[in-house]
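Asks: Generate a structure from the sequence data that follows.
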Amino acid sequence: MVLYSTYHYTGVIRDGEPLSCCRQIPTGNIDIHTPHHTASSIKEDGTSLFQRTMERHVDLSTSERELLAGFEQRTQSAAKNELLWRPRTRVGELFILQSGWACTVRCTAGGEQQVIELLLPGDIIGLREFTFMRHVTEASMITQGSIQPFPHENIVDIITASTPLAIALFAIIGRQETLLTERMLMTLHRSARSQVLHFMVETFFRLEKVQPVNLASFEFPVSQRLLGNILGLSPVHINRILKSLEQDGVLKKHRDHIDVYDTQQLIKEAEFDADYLSDELDGLKERLAQLQH
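Replies: Model prediction:
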């Protein structure tokens, strides 16, 4: 059973006129005694995390499941901070993130780093770069975990073999780009405190897609320095914000998780609209069904 929190969101529509609306946001499972969970790569019905990621967008046939299973033959462990590739190295392998958290980073000419993607279990690391000859980012693990490497050209096999799987890949890439767009908008139009809260809520909803989560306490192994890098804020600024959130009784960030004390205040300050995280393919599933008959 899921708890829902109703909050009011004020957006901007034509000619700058404000639009007030009300949305229901699930605030987590009722069982608040389990602090946080980790994703399992294999579900009880035998489907893998990669298959479930694709199935969030399209229905899979038996042959499509078998095709995806071929990508998951070489699971290997990955250490915390392990480097998966460096910038300007030739694109060769992509990785299915089975467990743990990872990130991609762009380095500036001045030597500064900017985190581009925060990658969670079920994500394909490097999918945005598979058409490039050389990597434009650096990829590394944030925590220890497990990954499944596969040759990047195998993406062509998926696209050639199955239209639904090709659409699912487009959907995944599109949603990765939407995360970047949302972060840019938050940076331009929100206070630093609101940015931090918005990103935390966003990460919670992304986790909810792959594992049991509870907004009262959920996994968040992101250091203050890394959080500042993601949001373009200094570690000192992040530290001040986290202290104020704790003093105000909203939440407390620990090393690897967040405890939320005031769900209503968190949602209110984050002004979070989950529509951009939707997995639905409006109208496309019906069209795919027509093509398959």
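Asks: Secondary structure of residue 59: a strand, I assume?
Replies: No. Residue 59: not assigned to a strand; according to DSSP: H, G, I helix; E, B strand; the rest coil it is coil.
Asks: what about it, distance to residue 167?
Replies: 11 Å (CB to CB, to the nearest Å). In this view, the C-beta of every residue, glycine as well, is placed from N, C-alpha and C.
Asks: Look at these two and report which has more neighbours.
Replies: Comparing residue 59 with residue 167 by other CB atoms under 10 Å, the one with more neighbours is residue 167, at 19 against 12.
Asks: what sits against the more buried one?
Replies: Residue 167 sits next to 57, 58, 281, 284, 288 when contact means CB atoms under 8 Å, 6 or more residues apart in numbering.
Asks: tell me, how many neighbours does the fourth one end up with?
Replies: Which is residue 284. So residue 284, with other CB under 10 Å, has 15 neighbours.
Asks: cool, and the second one?
Replies: Taking other CB under 10 Å as the criterion, the count of residues near residue 58 is 22.
Asks: ditto for the first one
Replies: Burial of residue 57 is recorded as 22 neighbouring residues (other CB under 10 Å).
Asks: go on, residue 110?
Replies: 5.
Asks: Kindly report the same for the one 5 residues further on.
Replies: When neighbours are counted by other CB under 10 Å, residue 115 registers 20.
Asks: how about it, phi and psi?
Replies: Residue 115 has phi and psi values of phi -70, psi 130 when expressed as degrees, to the nearest 10.
Asks: Could you do residue 258 as well?
Replies: phi -120, psi 130.
Asks: Quick check: it vs residue 281, distance?
Replies: Distance from residue 258 to residue 281, counting by CB to CB: 31 Å.
Asks: more crowded one of those two?
Replies: Taking other CB under 10 Å, residue 258 and residue 281 do not tie; residue 258 has more neighbours (23 against 19).
Asks: hey, what's the more buried one bridged with?
Replies: residue 218, residue 253 (DSSP bridges).
Asks: Isn't residue 215 up against residue 204?
Replies: Yes. Contact criterion CB atoms under 8 Å: residue 215 and residue 204 qualify, at 6.0 Å.
Asks: how close does residue 230 get to residue 97?
Replies: Taken as CB to CB, the span from residue 230 to residue 97 is 17 Å.
Asks: Restrict stretch 72-92 to CA atoms and write it as PDB.
Replies: C-alpha atoms of stretch 72-92 as PDB (Å, rounded to 0.1, in the frame of the first residue of the first chain):
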ATOM      1  CA  GLU A  72      23.400 -10.400 -19.400                       C
ATOM      2  CA  GLN A  73      25.800 -13.300 -19.600                       C
ATOM      3  CA  ARG A  74      28.900 -11.600 -18.000                       C
ATOM      4  CA  THR A  75      28.100 -10.100 -14.700                       C
ATOM      5  CA  GLN A  76      31.200  -8.700 -13.000                       C
ATOM      6  CA  SER A  77      31.700  -6.900  -9.700                       C
ATOM      7  CA  ALA A  78      32.700  -3.200  -9.700                       C
ATOM      8  CA  ALA A  79      34.500  -1.500  -6.800                       C
ATOM      9  CA  LYS A  80      33.600   1.900  -5.300                       C
ATOM     10  CA  ASN A  81      35.100   4.700  -7.400                       C
ATOM     11  CA  GLU A  82      36.100   2.200 -10.100                       C
ATOM     12  CA  LEU A  83      36.700   3.900 -13.500                       C
ATOM     13  CA  LEU A  84      34.700   2.400 -16.300                       C
ATOM     14  CA  TRP A  85      36.200   4.600 -19.100                       C
ATOM     15  CA  ARG A  86      38.100   7.800 -19.600                       C
ATOM     16  CA  PRO A  87      37.200  10.700 -21.900                       C
ATOM     17  CA  ARG A  88      38.400  10.400 -25.500                       C
ATOM     18  CA  THR A  89      38.900   6.700 -25.200                       C
ATOM     19  CA  ARG A  90      37.300   4.600 -28.000                       C
ATOM     20  CA  VAL A  91      33.700   3.500 -27.400                       C
ATOM     21  CA  GLY A  92      33.800  -0.200 -27.100                       C
END
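Asks: chain center to the helix ranked longest in the chain: distance?
Replies: What stands out as the longest helix in the chain, according to DSSP state H, is helix 163-189. Its chain's C-alpha centre and that of helix 163-189 lie 10 Å apart, by CA atoms, centre = their mean, to the nearest Å.
Asks: Could I get the contacting residues of residue 89?
Replies: 134, 135.
Asks: Same question for residue 63.
Replies: residue 162.
Asks: Specify the local secondary structure of it.
Replies: From three-state DSSP, the assignment for residue 63 is helix.
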